[in-house]
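Colleague: sharing a model that was predicted from the sequence below.
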Number of protein chains: 2
Amino acid sequence: MAAPRVRTSNNEANEPTSLVVRFGPDHPLRLDSGKTLSPFQIAYQTYGTLNEARSNAVLICHALTGDQHVANPNPVTGKPGWWEVLIGPGKIIDTDRFFVICSNVIGGCLGSTGPASINPHTGKPWGLDLPVVTIRDMVRAQVMLVDHLGIDRLFSVIGGSMGGMQVLEWAASYPERVLTALPIATGARHSSQNIAFHEVGRQAVMADPDWCGGRYIEAGKRPEKGLAVARMAAHITYLSEAALHRKFGRNLQDREALTFGFDADFQIESYLRHQGMSFVDRFDANSYLYMTRAMDYFDLAADHGGRLADAFTGTKTRFCLVSFTSDWLFPTEESRTIVHALNAAGASVSFVEIETDRGHDAFLLDEPEMFAAVSGFLRSAARARGLEELA
Amino acid sequence: MAAPRVRTSNNEANEPTSLVVRFGPDHPLRLDSGKTLSPFQIAYQTYGTLNEARSNAVLICHALTGDQHVANPNPVTGKPGWWEVLIGPGKIIDTDRFFVICSNVIGGCLGSTGPASINPHTGKPWGLDLPVVTIRDMVRAQVMLVDHLGIDRLFSVIGGSMGGMQVLEWAASYPERVLTALPIATGARHSSQNIAFHEVGRQAVMADPDWCGGRYIEAGKRPEKGLAVARMAAHITYLSEAALHRKFGRNLQDREALTFGFDADFQIESYLRHQGMSFVDRFDANSYLYMTRAMDYFDLAADHGGRLADAFTGTKTRFCLVSFTSDWLFPTEESRTIVHALNAAGASVSFVEIETDRGHDAFLLDEPEMFAAVSGFLRSAARARGLEELA
């Protein structure tokens, strides 16, 4: 069964133009919380063509505020897809060779069931009544999508940050379905400091009276100020001090001298305010709570008796990890911990630490060393698997 | 003239029990903004006795949210003074030998004129009508206090973080009045990343509808939620990832398992929430805006033609700088930049980088190496100046 190319009908208000698959009462999503989500839907995009052997599928997993529009213009912002530098015809992940799939995660806000979706049991938006979802729940939903697309085994699962967590979860829970895994700028668990930053963001959202206890849609409001503050705080963690110094330093914004007031005197202030304000136009505040919570809860070792290597026992998946020297959200040490565990599990693993001052966000940028690592790894894995046409 | 020991009368609502000196229309405070603050007042504490030679005075400068209660129980919180580990009878800064002065900075909220003080021109709280103050303005006010106390030359000026900025400003602007200077865990300018974190805090405060455009006192409200979020974000920057990992890791708070909700599951979440909530009980939101702005504006090199060494030309002050390896708010590099400038200016300078995982807050904690450095430096400086009784 090839990927369905016809758009499914669409009746949820927050749903942009994407392929959508609905799972009815006969296909419930069982969640880590013990609850069940049913019915639910997944919005996704595909690029390229699934080959006859169904061996060329690549699943891309998006990060905290990402979406399924990985390689096409984003219908909400009009900007290029978030990984168009990497994915497309003739690019590193070449859609002339690979069938690329990217889905909006469960709990998201771009077409997959999330807190802004209508709760079929009440006819109102889910809000915080939507069960909390985990990285593993996101992956369970992706497995159902991949089943729906008729794909037994993915040539590769690739993602950065929260996407990298999903990659690790795929490799740990469904090793036989993943030929190669590329977790980039990520970790096997969310650190105390990272939980702390997420908690600041959640408190900023929930402190906004327009959040209305999570029921802002019915109230006709949006907690824009709180969500903007959350985004501003988070955005700092995506960059590095060196990059901020290089890009902004103490430069003033369109003025000759300090104004001795509380307007944005410095460029870094205007930049952050812009990041906050543009974010609220494209993201749902409750989804932000759910996404951050999913990352905080992620602890792959804890899910496997406390020993990370046990998550990968007997795996045949080939791994390539990438980290960035100036990433202080997921420092290289987090990747190294995963590499050690994979080594202990006897897995095939390569690891590239890339020297850059661009911080965590480097994984989304034009980073030639990352491109070379991804390209070389995918080609050599294809050859090793006898998939010469993909090499 | 010895320090006035009688409490001045007190009629401002936000003023705790402290010594207060009022400067009337004949003693205006000229500000960097070009404006003038008059009348104004400074609340301060002293410890020990000024000797006959008036040679044993030590000025302590407080940090962003500190106050004058450096070595006595804080009247607002009931907790020990913020540097009681360091200052007191028989301690490193021995109040049996030194006359220690600590004043609430201008713009503060513990008795010195700040945005919560009454604007004598309107009879209402200043709010954002108070002129923005700089680190140099804070020091100008301290100079007037020191004049009032009849002290020509301070044996030492000591402070950490924003207090360290004041120390540098004292040494740069009043070198003949400062025998020794101890800037700790500080920098000669606020970095782009630090401005970014401050801006997040300010936006959090101003996003709170209870901030009321800065006029919350008249409105009978307090922007507690916004200020708490600001404090939470800032508090993360005072610690280190290693310390958070050691103290909290991913430990759960009073529960056996994840609750799959948005309450504080993790200890780090409860800890941060507590930091936020307890802060709003002791600090004024507008003062927080003024203090963060003063730090952001600080750029000692820019004030001296762009060359930091020129801030210290011909100085006879002896310097001792202290930094902490895990301080990412004011990394060692910031201190090293100052040391290089002091060397270029031919100043006497010693520099200690202390290995610790406690982050920026280490300067407030029981850090034996810091104590040894401060003690040794003060004693040797006293001997070099022929002040054997202080050594």
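Modeller: It's in. Numbers count the residues shown, from 1 in each chain, chains lettered A, B, ... in the order given.

Colleague: list phi and psi for A:S103.
Modeller: phi -120, psi 150 (degrees, to the nearest 10).

Colleague: quick check: the nearest residue to it once chain neighbours are set aside vs chain B, distance?
Modeller: Spatial nearest neighbour of A:S103, chain neighbours left out: A:Y44 (3.7 Å); criterion: Cβ to Cβ, 6 or more residues apart in numbering or on different chains. C-beta coordinates here come from the backbone N, C-alpha and C atoms, glycine included. From A:Y44 over to chain B the distance is 25 Å, taken as Cβ to the nearest Cβ, to the nearest Å.

Colleague: got a list of what A:Y44 touches?
Modeller: A:18-21, A:68, A:101-104, A:145 (Cβ atoms under 8 Å, 6 or more residues apart in numbering or on different chains).

Colleague: which ones among those map onto strands?
Modeller: A:19-21, A:101-103 (DSSP state E).

Colleague: turn the residues you listed into a markdown table, including distance to A:V85.
Modeller: Listed next are these as a markdown table, based on distance: Cβ to Cβ, whole Å:
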| residue | distance to A:V85 |
| --- | --- |
| A:L19 | 23 |
| A:V20 | 27 |
| A:V21 | 28 |
| A:I101 | 19 |
| A:C102 | 15 |
| A:S103 | 20 |
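
Colleague: helices of the stretch 1-150 of chain A, residue ranges please.
Modeller: A:135-148 (DSSP state H, counting those that start in this stretch).

Colleague: quick check: residues of it near chain B?
Modeller: Neighbours of chain B within the stretch 1-150 of chain A, by Cβ under 8 Å from any Cβ of the partner chain: A:32-33, A:35, A:128, A:131-132.

Colleague: in a markdown table: those, plus pLDDT and neighbour count.
Modeller: Listed next are these as a markdown table, based on pLDDT from 0 to 100; neighbours: other Cβ atoms under 10 Å in any protein chain shown:
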| residue | pLDDT | neighbour count |
| --- | --- | --- |
| A:D32 | 98 | 18 |
| A:S33 | 98 | 17 |
| A:K35 | 98 | 16 |
| A:L128 | 98 | 16 |
| A:P131 | 98 | 21 |
| A:V132 | 98 | 21 |
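
Colleague: max pairwise distance over those residues: which two?
Modeller: A:D32 and A:L128 (17.1 Å; Cβ to Cβ).

Colleague: out of the contacts of A:Y44, which end up buried?
Modeller: Among these, those buried by neighbour count (16 or more other Cβ atoms under 10 Å in any protein chain shown) are A:18-21, A:68, A:101-104, A:145.

Colleague: compile those into CSV and extend it with columns for pLDDT.
Modeller: Formatted as CSV, the buried ones among the contacts of A:Y44 follow (pLDDT from 0 to 100):
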residue, pLDDT
A:S18, 90
A:L19, 96
A:V20, 98
A:V21, 98
A:Q68, 98
A:I101, 98
A:C102, 98
A:S103, 98
A:N104, 98
A:L145, 98
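
Colleague: quick check, nearest of those to A:R293?
Modeller: Using Cβ to Cβ, these come closest to A:R293 at A:N104, 16.9 Å.

Colleague: bridging residues for the residue nearest to A:S103?
Modeller: Taking DSSP bridges as the rule, A:Y44 bridges to A:L19, A:S103.

Colleague: ok, now which ones touch the closest residue to A:A172 other than its chain neighbours?
Modeller: Spatial nearest neighbour of A:A172, excluding adjacent residues (Cβ to Cβ, 6+ apart): A:A311 at 4.1 Å. By Cβ under 8 Å, 6+ apart, the contact list for A:A311 reads A:168, A:172, A:188, A:300-301, A:303-304, A:341, A:345.

Colleague: over to A:R177?
Modeller: A:143, A:146, A:152-154, A:170 are the contacts of A:R177 under Cβ under 8 Å, 6+ apart.

Colleague: would you map the strands across chain A?
Modeller: Going by DSSP E, chain A shows strands at A:19-23, A:29-30, A:36-37, A:40-47, A:57-61, A:87-88, A:93-94, A:99-103, A:118-119, A:124-125, A:154-160, A:178-184, A:318-324, A:348-354.

Colleague: could you dump these to CSV with distance to B:L252?
Modeller: Converted to CSV, the strands of chain A look like this (distance: least, Cβ to Cβ, whole Å):
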stretch, distance to B:L252
strand A:19-23, 32
strand A:29-30, 23
strand A:36-37, 24
strand A:40-47, 29
strand A:57-61, 27
strand A:87-88, 39
strand A:93-94, 39
strand A:99-103, 31
strand A:118-119, 29
strand A:124-125, 30
strand A:154-160, 27
strand A:178-184, 26
strand A:318-324, 28
strand A:348-354, 31
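
Colleague: and the pLDDT for the residue most central in space within chain A?
Modeller: Central residue of chain A (Cα atoms, centre = their mean): A:A63, 1.9 Å from the mean position. If you check A:A63, the pLDDT there is 98.

Colleague: excluding chain neighbours, what is closest to it?
Modeller: That would be A:S161: by Cβ to Cβ, 6+ apart, it lies 4.0 Å from A:A63.

Colleague: try A:A309
Modeller: Nearest one to A:A309, counting by Cβ to Cβ, 6+ apart, is A:A344 at 3.8 Å.

Colleague: give me the neighbour count for that neighbour.
Modeller: A:A344: 14 surrounding residues under other Cβ atoms under 10 Å in any protein chain shown.

Colleague: list the contacts for the residue in the stretch 251-391 of chain A positioned nearest to chain B?
Modeller: For the stretch 251-391 of chain A and chain B, the shortest gap (Cβ to the nearest Cβ) falls at A:F260, measuring 3.9 Å. Contact partners of A:F260, counting by Cβ under 8 Å, 6+ apart, are B:32-33, B:35, B:131-132.

Colleague: the residue nearest to the centre of chain A reaches A:G160, doesn't it?
Modeller: Yes - here A:A63 reaches A:G160: they are 5.8 Å apart, a contact under Cβ atoms under 8 Å.

Colleague: overlap in contacts, these two.
Modeller: By Cβ under 8 Å, 6+ apart, the residues touching both A:A63 and A:G160 are A:L364.

Colleague: stretch A:140-148: which residues count as buried?
Modeller: Applying 16+ other Cβ under 10 Å to stretch A:140-148 flags A:140-146, A:148 as buried.

Colleague: contact partners of it?
Modeller: With Cβ under 8 Å, 6+ apart, stretch A:140-148 has contacts from A:21, A:23, A:27, A:29-31, A:40, A:42, A:44, A:57, A:59, A:61, A:101, A:103, A:105-106, A:112, A:154, A:166, A:170, A:174, A:177.

Colleague: measure stretch A:141-160 end to end?
Modeller: Stretch A:141-160 has an end-to-end distance of 19 Å (criterion: Cα to Cα, to the nearest Å).

Colleague: list the contacts for A:P120?
Modeller: A:P39.

Colleague: from the contacts of stretch A:140-148, which would you call buried?
Modeller: If we count by 16+ other Cβ under 10 Å, these have these buried: A:21, A:23, A:29, A:31, A:40, A:42, A:44, A:57, A:59, A:61, A:101, A:103, A:105-106, A:112, A:154, A:166, A:170, A:174, A:177.

Colleague: quickly list the domain ranges of chain A.
Modeller: Domain segmentation of chain A under automatic domain parsing yields A:19-191+A:299-390, A:194-293.

Colleague: redo those domains as JSON lines? Include distance to B:F351.
Modeller: Listed next are these as JSON lines, based on distance: least, Cβ to Cβ, whole Å:
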{"stretch": "domain A:19-191+A:299-390", "distance to B:F351": "25"}
{"stretch": "domain A:194-293", "distance to B:F351": "21"}
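
Colleague: and of these, who's closest to B:K124?
Modeller: When the domains of chain A are ranked by proximity to B:K124 (Cβ to Cβ), domain A:194-293 comes first, at 19.0 Å.

Colleague: show me how far that closest one is from its chain's centre.
Modeller: Its chain's C-alpha centre and that of domain A:194-293 lie 19 Å apart, by Cα atoms, centre = their mean, to the nearest Å.

Colleague: ends of it, what's the gap?
Modeller: For domain A:194-293, the end-to-end distance is 11 Å (Cα to Cα).

Colleague: got it, and stretch A:212-229?
Modeller: Stretch A:212-229 has its terminal residues 17 Å apart, counting by Cα to Cα.
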